[in-house]
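J.: what follows is a protein structure lacking sequence information:
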C-alpha cells in the first residue's frame, strides 16, 4: 500500500522537475489552447541553452570563501557555474521566465554544502561574521521566490544546500515518530521510513523534490492533509541553527509551557534560522486504501457537502473538489467525457476496519448532501497525474501561454465570495485587447471544520510582456484575497511574491514582532534577505 | 445533551471556588488520612477571618488613578479592600497558604474593570505611561501563580479584571465558529452558545470560573480534549491589546503566510498583551453521549491500550486512565469497592451514527489490548465529582494535609520512566522523619498519537512549614520532569511556579526570543511582571 514513486533525476535548471519527465502538448491541444486564450505563436518563450548562460563573476570575498571552506571542507564550497545556475532561484513563474531569457544575474556567488547541524551552524557564523547573505536551499521547488538569492544589504550571497543532511536519524516505534534530517527529499524519506513499515503521508505537488526542512520552513500542506494533517501538525520537535546558536524546540506532543515556539520556526522560511532536523509523527503504511470519486450538481452543492463532512468530524484521508470549469478541463485534457457538475476526489486509508467505517459515514454525509458516487476510476486518473501539472506549465510557456497557480483559505461562510473575487481579479487583470479571457479553474484542496483552501489555476496568453502580465494578475489576486480577509497563502508560503501582503496578514504590529524575532536570532540580517518580512518603511 | 452545570456564586477569597460548595471530610476519612500520612492535628492551618485582614495601603499614584478613571470610568477603578483582597492571587497551594496566614501583602493597589477592547488598550497605555504593573485577571483560577500581582520594577500594580467583557459577539453557523469576549466564564459562555444549539466542549477542572481569555492565555486543555481538541486548537482568530497597539491574528482556519502568530499569543500569560476576544471553533450540542468505564490489569496495560487507541486515529471524546493507586483511592473516597487494576473513563459524543461507529472501533481496540468494559456507572460517578477535587484540597489543609496536583507530558516511549521519576521525586521530597510517605496518585488525562500527559495528585502531612515542604516537592518534581526531557506543564501553564524550568523547556535562546517579543509589545515591561519569562541573569 506504499505510494509507488517514480524515480526522478536531478531537476532541470530552467523548468519544473526532472527534464526526462517533461511533458508536451499534443498539436490539437496546443491549437485549442492557443485559440481559446488568444495566444500569439510569436510570444512563445524560447529556452536558453545552458552553455549560452553567463552568470556574473562570483563576488564572494576570499576570506569568506576560505572560512566557509574551513567550515565544510573546500570540496563542499562550489563556486562553479553549473552549481550557481542551479541555485539561482526556485520554480515560480518569474523564475522560469528569467531562466528562459537567459537571466541568471541572481545566481549565488557559491553553493555551500554542509554535512550536519554543526556545519550548518558554522556556515551561519561565517556568513554573519563576513556579512554574506545565506539562502537555505532544499528541493528548490518554491513557487513564491523563497529561494531567490537576494543579497539584501550585502554584496555576496551563498546558497546553503542541505542535500547532505539526508539521514533518518531515529525511529521511535512506540511514540510513532521519526527524526529526519532537513535535506531529505520526500521519496528518499519515504523509502527510509518504508523500511520500517512507516510513512509520513505528506504528498504535496512538489513531492518529488521538496525536502523535510523545506516543508517545515514553509508550513507545507500535502494532498492527504485531511487524514495526515498539515506538516505543521506532524512536527513533534525540531532543531534549528541560527547565527546566535541552536534552538531545540518541542519536549512533548503538547504543552502549556508558554507559547509554542515550534510554531515560530515553522513558516520562518529561513529568515530566523535553518531547520536541520525534525522529529515527525509517522504512521504505519496503511493496510487499506479506498478511492472514490463523487459528483455534485454544482460547486455550491459540493462545497456544502465537504463542509458537512469536515464538520461531522469524519475525516477521509484526502478530500478535494473541482469547480465546474476545472472538472470540464480535466476531462478534456484526459480525453474523457466530462461529468456534468463538479467532481470530488475522496480517499480513505488506514486500518481496514476503520477505513471501512469512515467510508460508510462519509458516503452517508455526501449522499445526503446531493452527491453521487462514481467509483474509483476518476481518482486513479487524478492520482496518476497528480505530480505532473507543474510540468505542464513549461509546455504552455513553450506555446506562448502563461500558466500560474495560487491559493488561499477562508471560512466556509466566506468561500464563495472569495472565489468570485479572485476569479474576477484574475479575469480582469489578464483580459487582452482582443477580448480573449483567461481560463480560471478552481478547486477546494484542503478542508477544516471552519473552512477550506481554494486553489486557482489560471492560463492566459503570455503576450509581449509575460512578467508584467504575471505581476498585474498576482497583484490583483493578492489584493482581492486581502480585501476578503482571507490568508495570502494556505500552503505556498510567502517568499518574495507574497511579502507585500504580510502587513495585511498580521498587521503592522505583527510585522514588528517578526522583525524582533529575526533581530534576536539573526542580528546581522544575513539569513534569506528580502523574504517573508516586509522592508522597514 | 448539554452539560448540566450547577450555578456557582462569587468565589471564595481564600479557598477554591464557591464557598457554598466547600466540601469537608467525614470524621473516618479525616482519621484515616491523618493516620496514613502522619499528619499532626496541630499542623492544621486555620483560616483567617476577612475582617482581620490588613492589606497594605494602596500605592497607586494619584495621577495614575485619575488616568485610569478617565480610561474606564471612576466607578470601575476599585481600590477597596474587598476587591483588592479578591485579586491578591490565584488558587495555587502557596496562594491558599498565604491567605490562610492572613497574608494579603501582595494585594494589588486597585482593581480596574474595563468594558471593552478599547478600554483595555487605554488601561495598558496608562499603565505604560505611569509605570504601573498590570496583571490580567479572568477567573482567578491559576494554580501556578499566574495572577499574583507582582510589581516587578514598579511600585504599584493593578489587577485588570476582564469580567465586563462578557459578550457573545458573533456566531457564524456556517463556519461553526463563535466570537466570545475574554471575560466570559465557561458556564456563561456555554449558556450563550447553548441558545444557538452550540457548545465549546471545553471542560477543564476550573470550568466553573475560568474564562475564555484565560484559556487562551494559558493554553488550557479540557477533559474532552480528545474529541474537542486543546483550547489552542479551537482558536481561529484572536484579538489582543498591547501597550504598542492591537494585534488581530488569524485570517483563515490554516495558513502558510509566515509563522502562526496566534500561537505566540496563546500561552503568553498576559506578558505580551491582553487577549480581549477570540473566535473559536464551536460544535453542535451533541445528539448522543455514551459513557463507558474500562478496567485494565495494570497501568502498563492500560497505557498500551490508550496508545493503540490514539495511534489508530479513532478518537473518543474523552479518554483518561487512573493508575492502581488512584483507582483504589477514588473507590475508597466514593465508598465503593475498588476494581483490581486500573480504571479508564471513556466518553463518546457526536452525531448518533458516528458516535456509535467510534464506540465500536474503540471497544475493539481496548478489548484487544486486554481491557474489560464495566459499563457507564463508574463514569457517571467520575462525572458527578469532576469539578469537586480542588475543593477537597481546602478540606485537607483544614486537617493538616498538604494536597497538590502537577502535570506534564511526554512521548509514549518516555511515559513510564517519567511517571516513576516524578513519583520518586515527590516521595523523596515529602518523606517525613517518622517514616510516613506521601500518597501519590497518577492518571493519564490527555492522549495524542505521539504521547500523553501525566497528572499527579500528591497528599502529605503539612508539617510545621507547609510552604517549605511544598517548595521542596515542587522543585524535586520539576527537576525530575526536566531531567526526563518532558514538558514542565501540559495545561497548568507557567506563571511564577514553573518559571525556573522555562530555560530547560525552550533553551537560553528560546528565552531570548520570548524576551524580544515582550520587549517589542511591552517595552516598559508593565505586563504581568515576574511570570513566564525567566529574569535576565
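T.: Nice, thanks for sending it over. Computed from a predicted structure; not experimentally measured.
J.: residue A:193 contacts residue A:201, correct?
T.: No - checked against C-beta atoms under 8 Å, the pair residue A:193 and residue A:201 is beyond contact range at 9.9 Å. Where you see a C-beta, it was placed from the backbone N, CA and C, and this is true even at glycine.
J.: what segments of the stretch 301-450 of chain A are helices?
T.: For the stretch 301-450 of chain A, the helices defined by DSSP state H, counting those that start in this stretch cover A:324-333, A:352-368, A:377-384, A:389-398, A:415-430.
J.: the fourth one relative to helix A:324-333, how many degrees between them?
T.: Read that as helix A:389-398. Per axes from the mean of the first three to the mean of the last three C-alpha atoms, to 10 degrees, the angle that helix A:389-398 makes with helix A:324-333 is 80 degrees.
J.: residues touching helix A:389-398, excluding its own?
T.: For helix A:389-398, contacts defined as C-beta atoms under 8 Å, 6 or more residues apart in numbering or on different chains pick out A:15-17, A:21-25, A:33, A:44-45, A:47, A:91, A:93, A:96-97, A:100, A:205-206, A:402-405, A:457, A:459, A:462, A:466.
J.: chain center to it, what's the gap?
T.: Distance, stretch centre to chain centre, for helix A:389-398: 17 Å (C-alpha atoms, centre = their mean, to the nearest Å).
J.: and if you look at the first one?
T.: Relative to the chain's own centre, helix A:324-333 is displaced by 23 Å; criterion: C-alpha atoms, centre = their mean.
J.: which other helices and strands contact it?
T.: Judged by 3 or more C-beta pairs under 8 Å, 6 or more residues apart in numbering or on different chains; DSSP states H and E, helix A:324-333 is in contact with strand A:342-350, strand A:439-447.
J.: now do the buried residues in that helix.
T.: Neighbour-count burial for helix A:324-333 flags A:324, A:325, A:326, A:327, A:328, A:329, A:330, A:331 (criterion: 16 or more other C-beta atoms under 10 Å in any protein chain shown).
J.: contact partners for the spatially closest residue to the fourth one that is not a sequence neighbour?
T.: Once its chain neighbours are removed from consideration, residue A:327 has its nearest residue in residue A:343; the separation is 4.6 Å (C-beta to C-beta, 6 or more residues apart in numbering or on different chains). Under the criterion of C-beta under 8 Å, 6+ apart, the contact list for residue A:343 reads A:293, A:294, A:295, A:321, A:322, A:327, A:330, A:374, A:378.
J.: for the residues you listed, pick the one with the most neighbours.
T.: For those, the largest number of neighbours (other C-beta atoms under 10 Å in any protein chain shown) sits with residue A:294, at 29 neighbours.
J.: pull up the gap between it and residue B:313, please.
T.: The gap separating residue A:294 from residue B:313 is 22 Å, by C-beta to C-beta, to the nearest Å.
J.: equivalent analysis for residue A:391, please.
T.: With C-beta to C-beta as the criterion, residue A:391 and residue B:313 are 34 Å apart.
J.: as JSON lines, the buried residues of helix A:324-333 with pLDDT would be great.
T.: Shown next, in JSON lines, are the buried residues of helix A:324-333 (pLDDT from 0 to 100):
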{"residue": "A:324", "pLDDT": "97"}
{"residue": "A:325", "pLDDT": "96"}
{"residue": "A:326", "pLDDT": "96"}
{"residue": "A:327", "pLDDT": "96"}
{"residue": "A:328", "pLDDT": "94"}
{"residue": "A:329", "pLDDT": "92"}
{"residue": "A:330", "pLDDT": "91"}
{"residue": "A:331", "pLDDT": "90"}
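J.: nearest to residue A:197 among those?
T.: The shortest gap between residue A:197 and any of these belongs to residue A:330, at 34.2 Å (C-beta to C-beta).
J.: mind listing what that closest one touches?
T.: Residue A:330 makes contact with A:322, A:338, A:343, A:382, according to C-beta under 8 Å, 6+ apart.
J.: again, 7 Å this time
T.: residue A:322 (C-beta atoms under 7 Å, 6 or more residues apart in numbering or on different chains).
J.: just residue A:72 next, same as before
T.: By C-beta under 7 Å, 6+ apart, the residues touching residue A:72 are A:112, A:113, A:114, A:115, A:119, A:123.
J.: which one among the residues you listed gets closest to residue B:227?
T.: Using C-beta to C-beta, residue A:114 is the member of the contacts of residue A:72 that lies nearest residue B:227, at 44.3 Å.
J.: that closest one contacts residue A:121, correct?
T.: No - at 8.6 Å, residue A:114 does not count as touching residue A:121 under the criterion of C-beta atoms under 7 Å.
J.: the two: which is more packed in?
T.: Per other C-beta under 10 Å, whichever of residue A:114 and residue A:121 has more neighbours is residue A:114, with 28 against 21.
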